[in-house]
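Visitor: got a predicted structure plus its sequence, pasted below:
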Amino acid sequence: MLYATTVSSDSELQQIIDLQFINLKQNITPKEKNEQGFVTMVFSMDMLRAMHRLAPSIVVKDENGKVVAYAIVFLKEGRAGYPGMESMFRNFEKISWKGKSFISYNYYIMGQICVAKEVRGQGAVEMLYHKHREIYGKQYDCIVTEIANSNQRSLRAHERVGFKIVSTHSDAIDDWNVVVWDWV
């Protein structure tokens, strides 16, 4: 049995880091990367603690309380602390959505999502995002993230939840799809 909740301890943050490491694109085979998806950014314990002080992220746990999936909440208020995400913010400033500048909306970023291999295909992505909406839906207009074009599994999973591609761009790392889940 799986259930979604918010992060509440350093132990859970460490489990996020462990799951992240296993699924980093440089730590998996090309076949696994293409078939199962991957994560790109590396978050340290200090970074996660700082983000969680602003807003706790969402995790899915198994019946033993082990974190088997996560979706990190990254608020705009934390922007200055993470120079590696600055290019994403600059890109958001160029996007028009529903007839106005994207940055005029009250949004937050889903900083990274990852699901353990043993629970893939069991609805963990949907659980994560429905908990996001339950917790943060009244405070925000939408949630936004970027997905590498080469990560088709992740793109399909986000589309199933309700995310729509609103922009694409390229940088030194990859070609990216900016996707938004509209909550208004």
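Guide: Right, received. Where do you want to start? Numbers count the residues shown, from 1 in each chain.

Visitor: only C-alpha atoms for contact and neighbour calcs from this point on.
Guide: Fine.

Visitor: which residues touch the residue nearest the centre of the chain?
Guide: The residue lying closest to the centre of the chain (C-alpha atoms, centre = their mean) is Gln112, at 2.9 Å. Shown in contact with Gln112 (C-alpha atoms under 8 Å, 6 or more residues apart in numbering): 39, 41, 70-72, 145.

Visitor: let me know the closest of the residues you listed to Ile95.
Guide: Of all the contacts of Gln112, Thr145 has the smallest distance to Ile95: 12.9 Å, by C-alpha to C-alpha.

Visitor: sec struct for that closest one, please.
Guide: Put simply, Thr145 is strand when judged by DSSP: H, G, I helix; E, B strand; the rest coil.

Visitor: what's the answer for the one 10 residues further on, then?
Guide: In three-state terms, and counting by three-state DSSP, Leu155 is helix.

Visitor: quick one: it and Thr145 touch, right?
Guide: No - between Leu155 and Thr145 there is no contact under C-alpha atoms under 8 Å: 10.5 Å.

Visitor: Trp97 pairs with what?
Guide: Beta-bridge partners for Trp97, by DSSP bridges, are Lys100.

Visitor: quick check, the residue nearest to the centre of the chain in a strand?
Guide: Yes - judged by three-state DSSP, Gln112 forms part of a strand.

Visitor: confidence score at it?
Guide: pLDDT for Gln112: 91.

Visitor: and for Ala157, the neighbour number?
Guide: Residues lying near Ala157 (other C-alpha atoms under 10 Å) number 15.

Visitor: list the contacts for it?
Guide: By C-alpha under 8 Å, 6+ apart, the contact set of Ala157 is Val125.

Visitor: then Cys114?
Guide: 19-20, 23, 38-39, 69-71.

Visitor: a markdown table please, covering these and showing neighbour count, secondary structure and pLDDT.
Guide: Compiled in a markdown table, the contacts of Cys114 are given as follows (neighbours: other C-alpha atoms under 10 Å; DSSP: H, G, I helix; E, B strand; the rest coil; pLDDT from 0 to 100):
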| residue | neighbour count | secondary structure | pLDDT |
| --- | --- | --- | --- |
| Leu19 | 20 | helix | 97 |
| Gln20 | 25 | helix | 96 |
| Asn23 | 21 | helix | 93 |
| Phe38 | 26 | coil | 84 |
| Val39 | 22 | strand | 89 |
| Ala69 | 27 | strand | 97 |
| Tyr70 | 31 | strand | 97 |
| Ala71 | 24 | strand | 96 |
